[in-house]
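Trainee: Got a predicted structure plus its sequence, pasted below:
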Amino acid sequence: MLFSSLNIIDPILKAVEEEGYTTPTPIQAEAIPIVLQGTDLLGCAQTGTGKTAAFAIPILQLLSANKTFLKTKKIRSLIVTPTRELAIQIEESFKAYGRHTGLTCTVLFGGVNQNPQTAALRKGVDILIATPGRLLDLMGQGFLTLRDVEIFVLDEADRMLDMGFIHDVKKLLAVLPKSRQSLFFSATMPPDIVKLANTILHNPSKVSVTPDSSVVEIIQQSVYFVDKGNKSALLLEILKDQKIKSALVFTRTKHGANTVVKILLKHDITAEAIHGNKAQTARQRALSNFKDQTTRVLVATDIAARGIDIDDLQYVINYEMPNISETYVHRIGRTGRAGAEGTAYSFCDAEEKEYLRDIEKLITQKIPVAENPLFPLMDHNPVKTPKQQQGRGNSGHSRPKQVVAQKPVVASKKPRILLRRQGS
């Protein structure tokens with residue numbers, strides 16, 4: 001199937017081709033015709049599936065159909081998303097696909113001076129992309145109204161709930177027009193998300209892109225079994241491979257991300273952290289430095305990493321295993337995008353083996369075990385705190401404390417090359 005077979009109007013089709021795309025991804029092929037029909041949509045899709053274009057392209061087409069509004073510049077479509085990074089990415093997509101339509105868009109997010117944003121609103125925009133806090137703030141100041149919104153999109157709904165935006169979302173729903181088209185996207189569908197979707201959508205069509213049919217299969221994965229105390233040494237050893245021009249490293253906590261960055265900088269490896277405690281400007285600067293490879297390693301927490309969209313990123317490293325299985329798919333999906341090559345390494349200590357089993361069950365495949373002669377897993381039964389023994393169904397936002405400090409296993413001989421790419 002080609003984009004030209006989806007009944008996309010010429011101005012948008014031309015822009016899509018200029019971006020170098022001819023074949024839609026599965027979610028685009030399914031979602032675009034549904035949205036063009038004016039139907040509500042419930043989409044379940046993780047990163048790397050082309051989700052943004054799946055709603056941006058049909059929204060642009062639907063708004064273009066009514067030429068009367070092109071001169072009024074009222075907010076006719078609202079896209080709400082949890083992070084600044086993702087909001088900026090979505091705005092870039094709308095501008096790219098809509099460059100020949102005459103439609104305008106702008107983005108709102110907190111952590112920066114509001115004056116440029118309010119100036120854009122005064123000029124009038126057709127499409128507004130926003131994070132919840134700044135959107136409600138500017139609404140309260142009287143800079144915008146949502147009474148003309150025809151199409152509403154709630155993106156990354158699961159992260160929206162994780163970040164505590166549920167009350168903000170409910171406030172927005174209370175002021176949006178009752179008669180509207182609504183699109184709801186979430187990477188996971190736990191009960192709370194389903195409940196929220198039911199309050200937003202009316203007789204929706206459903207589109208789902210599952211992990212086992214997406215990026216997981218094309219990414220070269222491997223897992224290293226290593227003691228917690230030796231993970232930093234293993235990371236340094238892996239980064240000796242000069243083929244790794246850049247790597248995105250994931251930790252579960254903000255403190256963990258900062259610690260990893262300090263270790264890398266101490267060993268003359270350029271690195272920056274991106275997480276919720278960083279100022280918006282610092283996060284955007286770190287992301288820009290990583291994209292242009294001024295920074296070799298970007299260390300991120302899961303919530304902050306939503307919206308990171310980097311072409312040709314070949315390496316993702318799970319410094320800590322995620323305790324939510326779906327998160328693993330989101331993490332490694334930052335590489336192997338659009339069919340490109342991708343490699344994902346995971347460091348798994350004894351306490352994280354349960355997480356690994358859950359991940360393998362979700363993706364219905366065993367992750368190959370990498371050779372690790374320098375820093376093998378030695379402490380197979382570390383002592384757990386009572387909190388750790390209660391279960392592993394927590395949100396993962398706090399790092400378990402290790403009761404018994406373990407002695408790092410350090411090689412006495414000169415290290416030799418560890419990495420062997422599968423199939424090489």
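Mentor: Looks like it arrived, so ask away.
Trainee: Poorly predicted segments of the stretch 101-250 of the chain, please.
Mentor: Applying pLDDT under 70 to the stretch 101-250 of the chain picks out residues 210-216.
Trainee: what about 50?
Mentor: The model of the stretch 101-250 of the chain has pLDDT under 50 over residues 212-214.
Trainee: do the stretch 301-424 of the chain as well
Mentor: 385-424.
Trainee: If we use 80, what do you get?
Mentor: 302-312, 326, 330, 336-341, 380-424 (pLDDT under 80).
Trainee: And the helices in it?
Mentor: For the stretch 301-424 of the chain, the helices defined by DSSP state H, counting those that start in this stretch occupy 302-305, 325-332, 353-363, 386-389.
Trainee: how close does the residue lying closest to T327 once chain neighbours are set aside sit to A187?
Mentor: Nearest residue to T327 in three dimensions, chain neighbours excluded: D302, at 5.5 Å (CB to CB, 6 or more residues apart in numbering). C-betas here are computed from N, CA, C, even on glycine. The spacing between D302 and A187, counted by CB to CB, to the nearest Å, is 11 Å.
Trainee: Between these two, tell me which one has more neighbours.
Mentor: For the pair D302 and A187, the greater number of neighbours falls to A187 (24 against 21), based on other CB atoms under 10 Å.
Trainee: Against D312, how distant is the more buried one?
Mentor: For A187, the distance to D312 - CB to CB - is 23 Å.
Trainee: quick revisit: got a list of what the residue nearest to T327 touches?
Mentor: F250, R252, P322, T327, H330, R331, G396 (CB atoms under 8 Å, 6 or more residues apart in numbering).
Trainee: Got the domain ranges for the protein?
Mentor: According to automatic domain parsing, the chain comprises the domains 3-209, 213-389.
Trainee: still on that earlier bit, got a winner among the contacts of D302 for most neighbours?
Mentor: Among the contacts of D302, F250 has the most neighbours (other CB under 10 Å), with 28 neighbours.
Trainee: Distance from the chain centre to the host helix or strand of L235, please.
Mentor: Using DSSP states H and E, L235 maps to helix 231-238. Averaging C-alpha positions (CA atoms, centre = their mean, to the nearest Å) puts helix 231-238 25 Å from its chain's average.
Trainee: circling back: overlap in contacts, D302 and A187.
Mentor: With CB under 8 Å, 6+ apart as the test, D302 and A187 both reach H330.
Trainee: same for the helix or strand hosting L265, what does it pack against?
Mentor: According to DSSP H and E, L265 maps onto helix 254-266. When contacts are defined as 3 or more CB pairs under 8 Å, 6 or more residues apart in numbering; DSSP states H and E, helix 254-266 packs onto helix 231-238, strand 271-274, strand 297-300.
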